[in-house]
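**Student:** sharing a model that was predicted from the sequence below.
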Amino acid sequence: MRILHTLELLGYIRKTAMDTRRRIDRLRIVWSRRWLQCAAGPLRRLAQTTSETASLCALFENHIEVVLVVESPQ
């Protein structure tokens with residue numbers, strides 16, 4: 001949760017006892033959408049350039065999950 005600590009230090013989020021979990025979940029949803037939107041274009045170009053399927057993965061705690069796949073144009 002280093003990113004949350006950094007965001008808190010910068011003043012983007014504030015930790016409270018009652019709704020910490022809810023704020024974290026909302027923050028994750030917003031950042032996830034933006035992250036996927038930013039990654040989609042370069043991933044499509046990579047798939048077109050290489051004529052291979054391109055995948056974007058993310059590290060969650062102690063495991064990696066595929067979060068976006070662009071199929072090969074062939």
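**Tutor:** Perfect, I can see it now.

**Student:** could you look up the SS state of the residue nearest the centre of the chain?
**Tutor:** Nearest to the geometric centre of the chain sits Ser32, at 4.0 Å (Cα atoms, centre = their mean). Assigned by DSSP: H, G, I helix; E, B strand; the rest coil, the conformation of Ser32 is helix.

**Student:** now for it: which residues touch it?
**Tutor:** Val67 (Cβ atoms under 8 Å, 6 or more residues apart in numbering). Yep, even glycine has a C-beta here, placed from its N, CA and C like the rest.

**Student:** let's see the pLDDT reported for it.
**Tutor:** Predicted confidence (pLDDT) for Ser32: 73.

**Student:** how close does it get to Ala58?
**Tutor:** 9 Å (Cβ to Cβ, to the nearest Å).

**Student:** joint contacts of those two?
**Tutor:** With Cβ under 8 Å, 6+ apart, Ser32 and Ala58 have common neighbours Val67.

**Student:** okay, now Glu8: neighbour count?
**Tutor:** 13 (other Cβ atoms under 10 Å).

**Student:** before we move on, back to that, how close does the residue nearest to the centre of the chain get to Pro73?
**Tutor:** From Ser32 to Pro73 the distance is 26 Å (Cβ to Cβ).

**Student:** now swap in Glu65 and tell me
**Tutor:** Using Cβ to Cβ, one obtains 24 Å as the distance from Glu65 to Pro73.

**Student:** more crowded one of those two?
**Tutor:** The neighbour comparison of Glu65 against Pro73 (other Cβ under 10 Å) goes to Pro73, with 12 against 8.
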